[in-house]
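1. below are the sequence and a predicted model; questions follow.
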Amino acid sequence: MWIWPPNGSAWTGTARRTDLPLRFDVISLFPEMFAAVTAYGITRRAFDTGLAELVLWNPRDFTHDRHRTVDDRPYGGGPGMVMLYQPLADTVAALREADVRPLHLIYLSPQGTPLTQQRVQALAQLPRIGLLCGRYEGIDERFIQR
């Protein structure tokens, strides 16, 4: 888990205050990609002024094999790779325990509901939003059904 400091300067791995109005927990195999969100523009100002907090979670940190495996071929065949159930379930369990505010977890997928301005306004009212960034051909369906 990485917590981005309010000045957007660097990854520190240390915790800071958790009483922020809006917390984003992002689950991604590539957490480094989110550095730009805190470095530029209006989103940087939100993090700099303490209006938001970004916490990044890598499912590889919740694996139990030496290769840190997070994906496998789809059960029943088919092309590509799917993210495994257990690393995702363990990541979300740790994510839920990391903060007392209720978590609204969203799986980002092209098959999902389109993100509209109305939806963004509704989400902005929540104290804590979790974003699960899919990869490959998706994630294990057991996790979605859970």
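-> Alright, I've got the coordinates. None of these values were measured; they are calculated from a predicted model.
2. where does the protein have its least confident helix or strand?
-> strand 2-3 (a mean of 46; mean pLDDT, DSSP states H and E).
3. just give me the residue right at the centre of the chain.
-> For the chain, residue 26 is the residue whose C-alpha lies nearest the centre (C-alpha atoms, centre = their mean; 1.6 Å).
4. find the nearest non-adjacent residue to that one, please.
-> residue 131 (4.8 Å; C-beta to C-beta, 6 or more residues apart in numbering). To be clear about C-beta, it is placed using only N, CA and C from the backbone, and glycine gets the same treatment.
5. the one you found: which element?
-> Under DSSP states H and E, the secondary-structure element containing residue 131 is strand 128-133.
6. what lies in contact with that strand?
-> Applying C-beta atoms under 8 Å, 6 or more residues apart in numbering, the contact partners of strand 128-133 are 22-30, 88, 92, 95, 99, 101-108, 123, 139.
7. how about 7 Å then?
-> Residues from elsewhere that reach strand 128-133 (C-beta atoms under 7 Å, 6 or more residues apart in numbering): 23-28, 95, 99, 101-108, 123.
8. in three-state terms, label the residue nearest to the centre of the chain for me.
-> Assigned by DSSP: H, G, I helix; E, B strand; the rest coil, the conformation of residue 26 is strand.
9. got a list of what it touches?
-> Going by C-beta under 7 Å, 6+ apart, the list of residues near residue 26 reads 34, 54, 56-57, 131, 133.
10. next, count neighbours for residue 23.
-> Neighbour count of residue 23, defined by other C-beta atoms under 10 Å: 21.
11. next helix or strand past the lengthiest helix in the chain?
-> In the chain, assigned by DSSP state H, the helix with the most residues is helix 85-97. Counting by DSSP H and E, the next helix or strand C-terminal to helix 85-97 is strand 104-108.
12. tell me what that following strand is packed against?
-> strand 128-133 (3 or more C-beta pairs under 7 Å, 6 or more residues apart in numbering; DSSP states H and E).
13. adjacent strands (with direction) for the strand it packs on?
-> Looking at strand 128-133 with DSSP bridges, its partner strands are strand 22-27 (parallel), strand 104-108 (parallel).
14. which of these sits most buried?
-> strand 22-27 (a mean of 22; mean count of other C-beta atoms under 10 Å).
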